[in-house]
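Colleague: Here you go, sequence then predicted model.
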Number of protein chains: 2
Amino acid sequence: MVNTSVEKFEQLGYEVMLSDLYGMKWKAVYDEHDFPQRVNGDRLSFIHESGNAYATQTQTADVLAEQQKLLAADAVILQFPLWWYSMPAILKGWIERVYAFGFAYGYQNGTNQFRFGEGILKGKRALVSVYAGGPQADYGPRGINGPIEQLLFPLTHGALFYPGMEVMPTHVIYSSTFIQPEQVEDEKRKWQERLEDLFTDAPIAYRAQNGGDYPDRHVLAADIDPHRTGITAHITD
Amino acid sequence: MVNTSVEKFEQLGYEVMLSDLYGMKWKAVYDEHDFPQRVNGDRLSFIHESGNAYATQTQTADVLAEQQKLLAADAVILQFPLWWYSMPAILKGWIERVYAFGFAYGYQNGTNQFRFGEGILKGKRALVSVYAGGPQADYGPRGINGPIEQLLFPLTHGALFYPGMEVMPTHVIYSSTFIQPEQVEDEKRKWQERLEDLFTDAPIAYRAQNGGDYPDRHVLAADIDPHRTGITAHITD
């Protein structure tokens, strides 16, 4: 499926930057080695060390390279198998390490003033593609696993919309464990269509923090969908 | 906070088995090295290799040790900082590697017959404690991040309830980034109370797959909360 993405984008005339995390032997664990020049060598505060490393340009080369790819991109595509209802650890670790303080959070002034719809990645599109071993029914509106879009909300809303990207509806291949060769071709075709429409399809209508719906930047205004709570309250429909 | 847990449990007369993932240099990435004896050396199918390694007792020693800790435990406590609205990569990788096929999923007969309330960890309790940098308002019913219990649903429901554990309401310390020393003592006290009540407090009332609410084991019966969809439909209240 990743090869399909590369081929389709090249066919569309786009330049592709690929980060194959397993192939790159990406360091998954966010730890003291991410901060070669420590502010405090005794006690490790990730937020402070991250902010310092970003501001003083002392981040590790692998993290810097991924940040530069993000900045150069018009769209970010994440493709992964759904493992225990979320992304694999190696991808989670990519977010933790690449999303530095000052870059993806604490943008511009070290506060939360610019987030959820505004941030360093504003203007870019994000599209998540997952392969789920289980059947579609399990991920439906009343399916036992919970709806896929709610399970992935920490990623799509919390990590992609957060620094400003427009997030497309998640593309899912269900029952992927025992997929047959003829289905693979069909799934490739459906995925190619999603990629073709990447810049014209409508993104998930997450409410922007600074769009007026959150007057105090924390809680949804009382007059907006007054009886609605939870994840879905943050999407207009 | 972890030290507080150990001290409190020892004071209560319990035996504590501690897995300090960073301290252990836990291998976070689930990959081919988890299967020293491969079924198929060419193409890596995690579900098949995991099932084979578990059945033939060829799992790696670190994974086996964690499975044995889980089997020996009466309760499993997970303590971690909330990073990008979910658990750190190293803990996600612990789940991916320790939750073998045949053990945590595909239990007994390789199907999904026993899951969500039944499984190898049935009869044990699970309690998650997270430290969130942001304020409580952001995680409230209408808070911009989404409610903490919904953000963590992939973990609490999808990884702890799945193999049969009873999951306690999540314990959260908010605004933890700039917590003051005097607040730390207060938070320790509140956490100690949660540990004291671990075996008497009521767990989250997740619906069991085989309790009658999911007649086909996939979708909530039409007559149960007929207008409710999404994550919260799987909790009785």
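Modeller: Cool, the structure landed. Numbering: from 1, shown residues only, chains lettered A, B, ... in the order given.

Colleague: And the helices in chain A?
Modeller: A:2-11, A:46-55, A:61-72, A:89-98, A:148-151, A:153-155, A:181-196 (DSSP state H).

Colleague: Adding mean pLDDT and mean neighbour count, write those out as TSV.
Modeller: Any C-beta I mention is one placed from the backbone N, CA and C, and that applies to glycine too. Shown next, in TSV, are these (pLDDT from 0 to 100; neighbours: other CB atoms under 10 Å in any protein chain shown):
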stretch	mean pLDDT	mean neighbour count
helix A:2-11	98	14
helix A:46-55	97	19
helix A:61-72	98	15
helix A:89-98	98	24
helix A:148-151	98	23
helix A:153-155	98	28
helix A:181-196	97	14
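
Colleague: need the ones you listed in CSV with distance to B:Gln59, can you?
Modeller: Shown next, in CSV, are the helices of chain A (distance: least, CB to CB, whole Å):
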stretch, distance to B:Gln59
helix A:2-11, 29
helix A:46-55, 32
helix A:61-72, 30
helix A:89-98, 18
helix A:148-151, 27
helix A:153-155, 29
helix A:181-196, 30
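
Colleague: Reformat those as CSV; add distance to chain B.
Modeller: Shown next, in CSV, are those (distance: least, CB to the nearest CB, whole Å):
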stretch, distance to chain B
helix A:2-11, 15
helix A:46-55, 6
helix A:61-72, 14
helix A:89-98, 3
helix A:148-151, 5
helix A:153-155, 4
helix A:181-196, 13
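
Colleague: so what's A:Glu166 up against?
Modeller: By CB atoms under 8 Å, 6 or more residues apart in numbering or on different chains, the contact set of A:Glu166 is A:Lys124, A:Arg125, A:Ala126, A:Pro203.

Colleague: Could you pull up phi and psi at the last one?
Modeller: Main-chain torsions, A:Pro203, degrees, to the nearest 10: phi -70, psi 170.

Colleague: Which pLDDT does the model give the residue of chain A most remote from its centre?
Modeller: Each residue of chain A has a distance to the centre, and by CA atoms, centre = their mean the biggest one is for A:Asp42: 32.5 Å. On pLDDT, A:Asp42 comes in at 94.

Colleague: now swap in A:Asp237 and tell me
Modeller: Reported pLDDT at A:Asp237 in the predicted model: 80.

Colleague: related to what we said a few turns ago, between the contacts of A:Glu166, which sits nearest chain B?
Modeller: A:Ala126 (13.9 Å; CB to the nearest CB).

Colleague: A:Gly211 versus that closest one, what's the distance?
Modeller: To A:Gly211, A:Ala126 is 18 Å away according to CB to CB, to the nearest Å.

Colleague: out of these two, which sits in the busier spot?
Modeller: A:Ala126 (24 against 12; other CB atoms under 10 Å in any protein chain shown).

Colleague: May I have the predicted confidence score for that one?
Modeller: For A:Ala126, the predicted pLDDT is 98.

Colleague: A:Gly212 - nearest residue in space that isn't next to it in sequence?
Modeller: Among residues not flanking A:Gly212 along the chain, A:Ala221 sits closest, at 7.8 Å (CB to CB, 6 or more residues apart in numbering or on different chains).

Colleague: wait, that neighbour sits on A:Asp213?
Modeller: Yes. Assessed by CB atoms under 8 Å, A:Ala221 is found in contact with A:Asp213 at 5.9 Å.

Colleague: Which residues does the closest residue to A:Ser176 other than its chain neighbours form beta bridges with?
Modeller: Take A:Ser176 and drop its neighbours on the chain: the residue closest to it by CB to CB, 6+ apart is A:Tyr131, 4.0 Å away. Note on A:Tyr131: beta-bridge partners by DSSP bridges are A:Pro81, A:Ile173.

Colleague: Contacts only, for A:Tyr131.
Modeller: For A:Tyr131, the contact set (CB under 8 Å, 6+ apart) comprises A:Met1, A:Phe80, A:Pro81, A:Leu82, A:Val172, A:Ile173, A:Ser176.

Colleague: got the contact list for the most centrally placed residue in chain A?
Modeller: What sits nearest the mean C-alpha location of chain A, by CA atoms, centre = their mean, is A:Leu160, with 3.8 Å. When contacts are counted by CB under 8 Å, 6+ apart, A:Leu160 is found next to A:Val76, A:Ala126, A:Val128, A:Val167.

Colleague: sorry, back to before: save the contacts of A:Tyr131 as TSV, and put in neighbour count and distance to A:Lys92 too.
Modeller: Formatted as TSV, these follow (neighbours: other CB atoms under 10 Å in any protein chain shown; distance: CB to CB, whole Å):
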residue	neighbour count	distance to A:Lys92
A:Met1	15	20
A:Phe80	19	10
A:Pro81	15	13
A:Leu82	25	13
A:Val172	17	19
A:Ile173	22	21
A:Ser176	18	20
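
Colleague: which of these sit farthest apart?
Modeller: Maximum pairwise distance in those, criterion CB to CB, is 13.1 Å, between A:Met1 and A:Leu82.

Colleague: of the helices of chain A, which approaches B:Phe114 most closely?
Modeller: When the helices of chain A are compared by CB to CB, helix A:148-151 sits nearest B:Phe114, at 21.2 Å.

Colleague: can you list contacts of the closest one?
Modeller: Here helix A:148-151 makes contact (CB under 8 Å, 6+ apart) with A:82, A:85-86, A:130, A:132, A:139, A:145, A:156, A:169-170, A:172, A:204, A:231-232, B:150, B:153-154, B:158, B:230-231.

Colleague: still on that earlier bit, please indicate which of the contacts of A:Leu160 has the highest neighbour count?
Modeller: A:Ala126 (24 neighbours).

Colleague: Hmm, it is touching A:Ala75, no?
Modeller: Yes. The criterion here is CB under 8 Å, and A:Ala126 meets it with A:Ala75 at 7.0 Å.
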